[in-house]
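>>> Any chance you can model this:
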Amino acid sequence: MIIDTAQRTKQTSEYYFSVKLAEVRKLAADGNDVINLGIGNPDMMPSKETLDALTVAAQKPQAHGYQPYTGTPAFRNAIAAYYDHTYGVKLDPASEILPLLGSKEGITHISLTFLDPGDEVLVPELGYPAYRAVSQMVGAVVKEYPLREDAGWQPDWKAMESLVTPNTKMMWLNYPHMPTGAPATKELFQEAVAFAKRNRILLCHDNPYSLVLNKKAPISLLSIEGAKEVAIELNSMSKSHNMAGWRLGWLSAAKEYINAVLTIKSNVDSGMFWAMQEAAAAALMNTDEWHAERNAVYQGRLDAAEAILTTLGCAWDHKQEGMFLWGKLPDSVESAEALVNQLLVEKHVFIAPGFIFGPKGQRYIRLSLCMPKERIWEAVERIKA
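So this is what the prediction gives:
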């Protein structure tokens with residue numbers, strides 16, 4: 001006898017990469033050399049200062065007990081200093097910052113805190129699949145809002161007004177945008193804050209890519225006047241500090257929003273490992289030169305990834321930011337799914353099809369830059385062959 005699962009498991013499918021990476025692993029186990037350009041898993045190391053801080057902290061007796069649900073003061077102070085230096089945003093470390101086990105956890109906590117069954121959530125028609133999946137898991141109604149390709153993948157604000165109803169409670173925003181790489185702009189964030197205020201919607205901004213191949217000074221949504229009245233911003237150390245497996249992130253918001261999320265979070269986990277928080281505080285003090293050196297590596301990889309798109313006959317926007325490259329397929333290619341499968345089976349090169357980020361991505365592919373440039377150039381030669 002098998003006990004039936006909850007209804008939410010029938011509404012949500014397994015994460016695409018969970019399924020596809022099993023296929024990649026099987027090919028590798030059979031002796032094939034697979035070049036994985038599908039997933040954004042940073043392959044470079046954290047800074048030496050980060051690792052040294054972890055080593056020292058892990059040797060201390062106080063490292064191994066339960067920690068505060070709100071994170072250590074040292075970690076919160078480091079986040080506040082980082083936001084001030086990076087974005088020019090002042091945050092109260094005691095009341096406006098809540099450390100998380102990665103920002104993906106934050107998506108769940110925010111949704112559990114603010115959404116009741118039947119509430120409506122505005123989700124970009126192309127975006128991180130977790131926004132849609134978690135909204136469905138908590139019983140909310142997902143309403144996709146359009147992005148204008150002809151305007152650099154910005155939200156279509158006029159069309160969005162028609163999507164709002166009395167049940168609309170929340171909106172997810174993500175710039176620099178994944179998967180398209182569309183940059184953040186002050187004008188975009190001003191429009192978003194005004195839209196949220198006008199319609200009494202909680203604006204949730206996911207901001208993990210602002211320090212990767214950014215072509216201008218990085219921007220936080222919280223730098224916009226009045227944003228704290230209606231907005232929560234998630235941030236993460238996964239991409240910006242090469243610490244994806246550490247599961248370190250945070251949300252920043254007004255005290256009232258922080259306290260509300262804490263009511264849920266405090267019932268889910270029992271705090272973060274103290275030594276990792278000490279190391280995270282050290283990482284947040286990485287110099288601008290450290291970030292510049294990492295971006296120089298990504299730039300070399302970007303050149304190789306663009307050669308892949310050229311070989312495949314794709315078009316792309318050179319203004320993209322972040323650690324991915326988004327390309328539009330030529331009409332001669334049957335579909336993204338067919339191309340991805342062909343490249344994986346015949347060339348042992350794995351790339352991500354655009355449709356996993358939303359239906360509008362059917363004619364697109366996404367390449368990750370989390371692979372040494374020599375391997376990406378090798379993928380170019382395989383595809384040419």
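>>> Where do the domain boundaries of this structure fall?
What the record gives for the chain is the domain set 7-45+288-384, 62-283, from automatic domain parsing.
>>> In JSON lines, list those along with distance to residue 52.
Glycine gets a C-beta too; all of them are placed from N, C-alpha and C. Shown next, in JSON lines, are the domains of the chain (distance: least, CB to CB, whole Å):
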{"stretch": "domain 7-45+288-384", "distance to residue 52": "12"}
{"stretch": "domain 62-283", "distance to residue 52": "7"}
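>>> Return the most buried member of the ones you listed.
domain 62-283 (a mean of 19; mean count of other CB atoms under 10 Å).
>>> now the end-to-end length of that one.
20 Å (CA to CA, to the nearest Å).
>>> With mean pLDDT as added columns, please give the domains of the chain in JSON lines.
Listed next are those as JSON lines, based on pLDDT from 0 to 100:
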{"stretch": "domain 7-45+288-384", "mean pLDDT": "91"}
{"stretch": "domain 62-283", "mean pLDDT": "96"}
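>>> closest to residue 56 out of those?
Each of the domains of the chain has some distance to residue 56 by CB to CB; the shortest is domain 62-283, at 7.8 Å.
>>> Confirm residue 170 sits in a helix?
No: counting by DSSP: H, G, I helix; E, B strand; the rest coil, residue 170 is not part of a helix but strand.
>>> Past the helix or strand harbouring residue 188, which element shows up next along the chain?
Using DSSP states H and E, residue 188 falls within helix 186-199. Using DSSP H and E, the next helix or strand after helix 186-199 towards the C-terminus is strand 202-206.
>>> the inter-axis angle of the strand or helix carrying residue 263 versus strand 202-206?
Here residue 263, judged by DSSP H and E, is contained in helix 255-265. Interaxial angle, helix 255-265 versus strand 202-206 (axes from the mean of the first three to the mean of the last three CA atoms, to 10 degrees): 70 degrees.
>>> Return the distance of helix 255-265 from the chain's centre.
In terms of CA atoms, centre = their mean, to the nearest Å, the centre of helix 255-265 is found 21 Å from the chain centre.
>>> For residue 250, see how far away the residue nearest the centre of the chain is.
By CA atoms, centre = their mean, the chain has its centre lying nearest to residue 208, at 5.2 Å. According to CB to CB, to the nearest Å, residue 208 and residue 250 sit 11 Å apart.
>>> shared neighbours, the two?
Listed as contacting both residue 208 and residue 250 by CB atoms under 8 Å, 6 or more residues apart in numbering are 103, 234, 235.
>>> In helices, which of those appear?
Using DSSP state H, the members of the shared contacts of residue 208 and residue 250 that fall in helices are residue 103.
>>> which helices and strands sit right next to the helix holding residue 263?
The contact analysis (3 or more CB pairs under 8 Å, 6 or more residues apart in numbering; DSSP states H and E) places helix 255-265 against strand 97-100, helix 103-114, strand 249-253.
>>> okay if I get those as a markdown table plus distance to residue 227?
Shown next, in a markdown table, are the helices and strands packed on helix 255-265 (distance: least, CB to CB, whole Å):
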| stretch | distance to residue 227 |
| --- | --- |
| strand 97-100 | 15 |
| helix 103-114 | 16 |
| strand 249-253 | 9 |
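>>> Of all those, which one comes closest to residue 7?
Shortest distance between residue 7 and these, using CB to CB, is found for helix 103-114: 16.4 Å.
>>> Please save the CA atoms from the closest one in CSV.
Taking Å, rounded to 0.1, in the frame of the first residue of the first chain, the C-alpha atoms of helix 103-114 are listed here in CSV:
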residue,chain,number,x,y,z
SER,A,103,17.6,33.2,-1.3
LYS,A,104,15.7,30.2,-2.8
GLU,A,105,14.6,29.5,0.8
GLY,A,106,13.5,33.1,1.0
ILE,A,107,11.1,32.7,-1.9
THR,A,108,9.3,30.0,0.1
HIS,A,109,9.3,31.9,3.4
ILE,A,110,7.9,35.1,1.8
SER,A,111,5.2,33.1,0.0
LEU,A,112,4.2,31.3,3.2
THR,A,113,4.1,34.5,5.1
PHE,A,114,2.1,36.7,2.7
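>>> Contact partners for residue 109?
Residues near residue 109 by CB under 8 Å, 6+ apart: 100, 251, 261, 264, 265, 268.
>>> measure it to residue 97 for me?
Computed as CB to CB, the residue 109 to residue 97 distance reads 14 Å.
>>> returning to what we had before: between the contacts of residue 109, which is nearest residue 68?
residue 265 (11.5 Å).
>>> so where do the strands sit in the stretch 251-385 of the chain?
324-328, 349-350, 352-353, 364-368 (DSSP state E, counting those that start in this stretch).
>>> Mind putting these into CSV with distance to residue 146?
Formatted as CSV, the strands of the stretch 251-385 of the chain follow (distance: least, CB to CB, whole Å):
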stretch, distance to residue 146
strand 324-328, 17
strand 349-350, 30
strand 352-353, 20
strand 364-368, 16
